[in-house]
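Participant: From the sequence below, what's the structure:
(one chain, ligands or ions: 2)
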Amino acid sequence: MARLEDFLEGVKTVAVVGHVNPDGDCVGACLGTKIYLTENYPELKVDVYLQKVKDIFGYLKYADEVLTEDPKDAACDLLILCDISAKDRIGCGAGLLSHAEKTLCLDHHLTNKGGYTWFYNYPKASSACEVIYGFMDPEKISVSCAEALYTGIVHDTGVFQYSNTSGYTMEVAGKLMDMGVDFNHIIDKTFFEKTYAQRRILGKVMESAGLHLDGRVISGVVTLADKKTYAIGSGDTEGIVSELRSTRGVEAAIFLYQLGSNEFKISLRSQDIVDVSAICAEFGGGGHVRAAGCNMKGTAEEIIDTLVNRISIQLEGNI
Ligand code: 5GP
Ligand code: MN
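Facilitator: Ligands and ions are numbered 1, 2, ... in the order given. Down below sits the predicted model:
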C-alpha cells in the first residue's frame, strides 16, 4: 500500500482541495491530510482550499487556516484532491488543477472517472477519511489528525449506520479512538445536534413529504420561500434526506433543494435495491450506489415525476 510520503519526492508546496459545500468527510479528509503532512514534514508548505467550513468543525486543527478564495498564484508542486467525485466539483481552488505539477486524487465515489497523475478510488470505502487513513503511517498520526479522520468517518457513515460501514471501517475508527479522540463530543456536537432553524425546516419537509409507488418512494422539497421563512442555507438541510429514507416501507428517498426559479439540487438515497448513482449520473451528477446527487431543471413536480419513473424502472427489474 502506498503512503502519502511516496508522493513527496521533490515536493515543496502542497495544495489540498475538497468538494463544493464541504461536509464532515471532506473537511476531515482535507484537514487530516494537512495535519499529517505539516506535523511530520514541517519543511512542506501545505495550504487547504475549501468553501466556508461550518462553525461546528471549528475544533479541528487548522480549521481557522483554511483558505476560501481561489489562489492568485495557482502553482503548486502537488495538488491533493480529497472526496471529490468529479473535476467540476472542486469547491475552491479549481485553477490549481491545470497549474499543479502533479495531482493525487484520494476518493471513494463510484462515479469518479479519474484523470490525475495518481488516482486511488475505493467505492466500497465508507469515506474519504477511511481511504486517507490507509495512506498514513499510523505511528505518525497525532490526536489532532485522528480527530479529523474520525469526524469524516462518523459523518459519511451516519455514525456507523449506513450500508457503507464495514468491519474495516470499525477497525479504523477503533484505532482512531484508541489514539484519544473525543468521540462523544464529535458525534454529539457535530452530527446529532441541530439548530432551532434546522429542526423547523426538517419538520416542514416531513409534514409535507409525498409518497409514491405505494409508499416505496418518498419525496421532500425545500423551496426558495422556505429558505426565507425559516432563514436557512444549504448546509441547514443536510441529513434531511436520510431522515426521509428512514421511513418504514421506503426504498428510495428524493430530496429537492431549490436553487433558482426552475432549478433544484437533488439528493437521492436508497435502502437495498436502487442504484441512485446511476440515476444521478444520467442527469450529470454522481455519487455512491446508496447516496448520490445532481442538479436538475424544471418544476418540483416534474423533477419528482422523472425521478420516481427512473426508480420504478429499477424496482420493476427487481421484482
Ligand atoms: P448529497 O446528496 O449529500 O449532496 O450527496 C451525496 C453524494 O453524492 C456525495 O458523496 C456527493 O459527493 C455526491 N454528489 C452530490 N451531488 C453531486 C453532483 O452534482 N455530481 C457528482 N458527481 N456527485 C455528486
Ligand atoms: Mn465522502
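Participant: what about Thr68, how many residues close to it?
Facilitator: Thr68 has 13 neighbours, counted by other Cβ atoms under 10 Å. For the C-beta atoms, the positions are set from N, CA and C on the backbone; glycine is no exception.
Participant: again, but for Gln161
Facilitator: By other Cβ under 10 Å, the residues close to Gln161 number 10.
Participant: And for the one 5 residues further on?
Facilitator: Counted with other Cβ under 10 Å, residues neighbouring Ser166 total 15.
Participant: Which residue is the nearest non-sequential neighbour of it?
Facilitator: Leaving out its chain neighbours, the residue that sits closest to Ser166 by Cβ to Cβ, 6 or more residues apart in numbering is Ser126, at 6.6 Å.
Participant: Verify the stated contact: that neighbour with Glu171.
Facilitator: No: using Cβ atoms under 8 Å, Ser126 makes no contact with Glu171, being 11.2 Å away.
Participant: quick one: which of the two has more around it?
Facilitator: Higher neighbour count among Ser126 and Glu171: Ser126, with 28 against 12, using other Cβ under 10 Å.
Participant: The host helix or strand of Val16: partners in the sheet, and parallel or antiparallel?
Facilitator: Per DSSP states H and E, Val16 falls inside strand 13-17. With DSSP bridges as the test, strand 13-17 is paired with strand 45-49 (parallel), strand 76-82 (parallel).
Participant: Remind me which helix or strand the residue in the stretch 1-150 of the chain positioned nearest to ligand 2 belongs to.
Facilitator: At 3.5 Å from ligand 2, Asp25 is the closest residue in the stretch 1-150 of the chain, using Cβ to the ion. Element membership for Asp25 (DSSP H and E) is helix 24-40.
Participant: hmm, that helix in reach of ligand 1?
Facilitator: No: Helix 24-40 stays clear of ligand 1 (Cβ under 6 Å from any ligand atom), getting no nearer than 7.9 Å.
Participant: May I see the buried residues of that helix?
Facilitator: By 16 or more other Cβ atoms under 10 Å, the buried positions in helix 24-40 come out as 24-38, 40.
Participant: what's the answer for stretch 268-278, then?
Facilitator: By 16+ other Cβ under 10 Å, the buried positions in stretch 268-278 come out as Leu268, Arg269, Ser270, Gln271, Val274, Asp275, Val276, Ser277.
Participant: which residues in the stretch 101-250 of the chain form helices?
Facilitator: Along the stretch 101-250 of the chain, counting by DSSP state H, counting those that start in this stretch, helices occupy 128-133, 143-156, 167-178, 183-185, 196-207, 224-229, 240-245.
Participant: For Ala125, see how far away His112 is.
Facilitator: Quick fix: residue 112 is Asn, not His. 12 Å (Cβ to Cβ, to the nearest Å).
Participant: just Lys61 next, same as before
Facilitator: Distance, Lys61 to Ala125, by Cβ to Cβ: 23 Å.
Participant: Same question for Val205.
Facilitator: Distance from Val205 to Ala125, counting by Cβ to Cβ: 30 Å.
Participant: How about the residues of the stretch 201-319 of the chain by ligand 2?
Facilitator: Within the stretch 201-319 of the chain, no position lies close to ligand 2 (Cβ under 5 Å from the ion).
Participant: Just the pLDDT for Ile319.
Facilitator: Note for Ile319: predicted pLDDT of 59.
Participant: give the contact list for Ile35.
Facilitator: Lys61, Tyr62, Ser142, Ser144, Cys145, Ala148 (Cβ atoms under 8 Å, 6 or more residues apart in numbering).
Participant: How about the fourth one: what's its closest non-neighbour residue?
Facilitator: Distance criterion Cβ to Cβ, 6+ apart; nearest residue to Ser144, sequence neighbours excluded, is Lys61 at 3.9 Å.
Participant: hang on, isn't that neighbour packed against Ala148?
Facilitator: Yes: using Cβ under 8 Å, Lys61 makes contact with Ala148 at a distance of 7.2 Å.
Participant: Now do the shared contacts for those two.
Facilitator: Residues touching both Lys61 and Ala148 by Cβ under 8 Å, 6+ apart: Leu31, Ile35.
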